[in-house]
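Undergrad: got a structure for you, letters missing:
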Ligand SMILES: O=C(O)c1ccc2[nH]nc(Br)c2c1
Ligand SMILES: O=C(O)c1ccc2[nH]nc(Br)c2c1
């Protein structure tokens, strides 16, 4: 059983994330989307909300599971019996940090990291950019699943000038 973990904050999930998750689901028997519980940073959406959004938008993939985790990513991989991490790469600038993490994770627990080039359509996307644009009333409907767009609008009353 070939399992892969796809980690992130997913605050919220974007079309870029969904592209990576969908492509990974076609390569592995099972993909576990790991939502990081990060005590030091409070996000826009709660962990439960992020998990609910992810489960909703990945419902059509029968081999994708969504779980949250805290602490070391490699411990989560071991607990899930996943040998591989899957990460999207949007630009060369992503690679520096990702390479460092990948080398650490191999060293820590022999967990491999496979990088997937993001669809060029989404290479400028990030959850934080989407939140910033939505906060000021910008239209992000092309960049996030409809469910997420609706929740963003509900959560972020456009900030008045
Ligand atoms: O949601 C995040 O923080 C995040 C970060 C980095 C990421 N690389 N690939 C994916 Br999918 C991904 C998700
Ligand atoms: O949403 C983010 O912050 C984020 C960061 C880094 C990322 N690499 N690939 C993807 Br998809 C991705 C998404």
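TA: All right, it came through fine. Just so we're clear, the structure is a prediction, and the values are computed from it rather than from any experiment. Ligands and ions are numbered 1, 2, ... in the order given.
Undergrad: Please make it C-alpha for all contacts and neighbour counts, starting now.
TA: Noted.
Undergrad: just the helices in this structure please.
TA: For the chain, the helices defined by DSSP state H cover 15-25, 47-57, 73-79, 92-109, 127-135, 146-155.
Undergrad: and this protein, which of its residues are near ligand 1?
TA: Taking Cα under 6 Å from any ligand atom as the criterion, the neighbours of ligand 1 within the chain are 6, 8, 9, 10, 17, 20, 87, 88.
Undergrad: before we move on, the earlier item: now the helices of the chain as a markdown table including mean pLDDT, mean neighbour count and distance to residue 67?
TA: Listed next are the helices of the chain as a markdown table, based on pLDDT from 0 to 100; neighbours: other Cα atoms under 10 Å; distance: least, Cα to Cα, whole Å:
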| stretch | mean pLDDT | mean neighbour count | distance to residue 67 |
| --- | --- | --- | --- |
| helix 15-25 | 98 | 19 | 14 |
| helix 47-57 | 98 | 18 | 7 |
| helix 73-79 | 98 | 17 | 10 |
| helix 92-109 | 96 | 13 | 20 |
| helix 127-135 | 97 | 17 | 19 |
| helix 146-155 | 96 | 16 | 18 |
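Undergrad: Make JSON lines from those and add distance to ligand 2 to it.
TA: Formatted as JSON lines, these follow (distance: least, Cα to the nearest ligand atom, whole Å):
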{"stretch": "helix 15-25", "distance to ligand 2": "4"}
{"stretch": "helix 47-57", "distance to ligand 2": "13"}
{"stretch": "helix 73-79", "distance to ligand 2": "16"}
{"stretch": "helix 92-109", "distance to ligand 2": "7"}
{"stretch": "helix 127-135", "distance to ligand 2": "4"}
{"stretch": "helix 146-155", "distance to ligand 2": "13"}
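Undergrad: Now distance to residue 115 too, for the ones you listed, in JSON lines please.
TA: What follows is those, written out as JSON lines (distance: least, Cα to Cα, whole Å):
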{"stretch": "helix 15-25", "distance to residue 115": "10"}
{"stretch": "helix 47-57", "distance to residue 115": "21"}
{"stretch": "helix 73-79", "distance to residue 115": "16"}
{"stretch": "helix 92-109", "distance to residue 115": "9"}
{"stretch": "helix 127-135", "distance to residue 115": "19"}
{"stretch": "helix 146-155", "distance to residue 115": "25"}
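Undergrad: What is the most widely separated pair among the residues of the chain next to ligand 1?
TA: 9 and 20 (14.2 Å; Cα to Cα).
Undergrad: Excluding residues flanking it in the chain, which one is nearest residue 16?
TA: Nearest in space to residue 16, with sequence neighbours left out and distances taken as Cα to Cα, 6 or more residues apart in numbering, is residue 122 at 5.2 Å.
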